[in-house]
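**Student:** how would this look folded up:
(one chain, ligands or ions: 1)
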Amino acid sequence: MGRVAIVTGGTRGIGKAICEHLSEDGFTVVANYAGNSEAAQRFTDETGIKAYRFDVGDHEAVIEGCKQIESEIGPIDAVVNNAGITRDGTLLRMTYEDWQDVMRINLGGCFNLAKATFEGMKERGWGRIINIGSINGQAGQYGQVNYAAAKSGIHGFTKALAQEGARYKITVNAIAPGYIDTDMVAAVPEPVLEKIVAKIPVGRLGQASEIARGVSFLCSEEAGFVTGSTMSINGGQHMY
Ligand code: NDP
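**Tutor:** Numbers count the residues shown, from 1 in each chain. Reported below is the predicted structural model:
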């Protein structure tokens, strides 16, 4: 059995591609999801990868979920914090609940998964933590103060935890995707999306597999000298 990797929000979109790539790399992969059991079943039928349902924003549920995975599958060596949601709106329209949900799931989820797995990685002297940030955490985005703050927080979280993990051979890195062709982007109204694509230097949306390849590299043995970094995979958009 290969090293065990968990991909949160692994049953759809970018997470699904990450699961498939890590499996090909030899990891024993498990996915996590929030509540769309139909999509999770389809995912498991298609890939043979087991999916565990728990809310990454619920601290106790994450601790219990990871314990269950470790007893059923084995010690978790790699964590990909990919689960994320949007609750967009300008500040004047955004509710406190919209703010809290996004902070709790997108940023709190990274803390919860790290808390559940870091000690085991430290004891075994090896670990990989990859946090999925966003171009909008680097550059900000109109109507996304919650999402941009949470994603920007992920980049700070990554650099701080990387310093704690380095001596135990635990690397902690982030990927900042640009606009990727998934359900999340399908929710953006067409005229808004056209304007967004016009600003991407390579002139197209990214594919989930293009993010997954970055995760593959960061999870590999060969990436042991890379920590605290953010890989921008966004068609050059971060330069503007
Ligand atoms: P999708 O909306 O396509 O899929 C989201 C996945 O996350 C689903 O598996 C969903 O589970 C899961 N999820 C959502 N909330 C929770 C939760 N509370 N606990 C556990 N799992 C949860 O997302 P994408 O693939 O588009 O995005 C993946 C990541 O990449 C996100 O962090 C996103 O912010 C980031 N990103 C995406 C970009 C894009 O253009 N798509 C651009 C930049 C960053 P379920 O199916 O049960 O709902």
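**Student:** any idea where the strands of the chain begin and end?
**Tutor:** Applying DSSP state E to the chain gives strands spanning 4-7, 28-33, 50-53, 76-81, 127-132, 170-177, 230-233.
**Student:** tilt between the fifth one and strand 170-177?
**Tutor:** So the one you mean is strand 127-132. Between strand 127-132 and strand 170-177, the angle comes out at 20 degrees (axes from the mean of the first three to the mean of the last three Cα atoms, to 10 degrees).
**Student:** got it, and the second one?
**Tutor:** Between the axis of strand 28-33 and that of strand 170-177 there is an angle of 50 degrees, by the same axes, to 10 degrees.
**Student:** and the protein, which of its residues are near the ligand?
**Tutor:** 8-9, 11-15, 32-36, 39, 55-57, 82-85, 105, 132, 134, 177, 179-180, 182-185 (Cβ under 6 Å from any ligand atom). Every C-beta, even on glycine, is put in place using the N, C-alpha and C of the backbone.
**Student:** Out of these, name the ones that lie in helices.
**Tutor:** Residues from the residues of the chain next to the ligand lying in helices, with DSSP state H as the criterion: 13-15, 39, 183-185.
**Student:** Tell me which of those residues has the lowest pLDDT.
**Tutor:** Within these, pLDDT reaches its minimum at residue 184, with 84.
**Student:** pretty sure that residue contacts residue 83?
**Tutor:** No: here residue 184 lies out of contact with residue 83, judged by Cβ atoms under 8 Å, at a distance of 11.3 Å.
**Student:** more crowded one of those two?
**Tutor:** residue 83 (24 against 15; other Cβ atoms under 10 Å).
**Student:** Name the nearest residue to the more buried one, ignoring sequence neighbours.
**Tutor:** residue 9 (3.2 Å; Cβ to Cβ, 6 or more residues apart in numbering).
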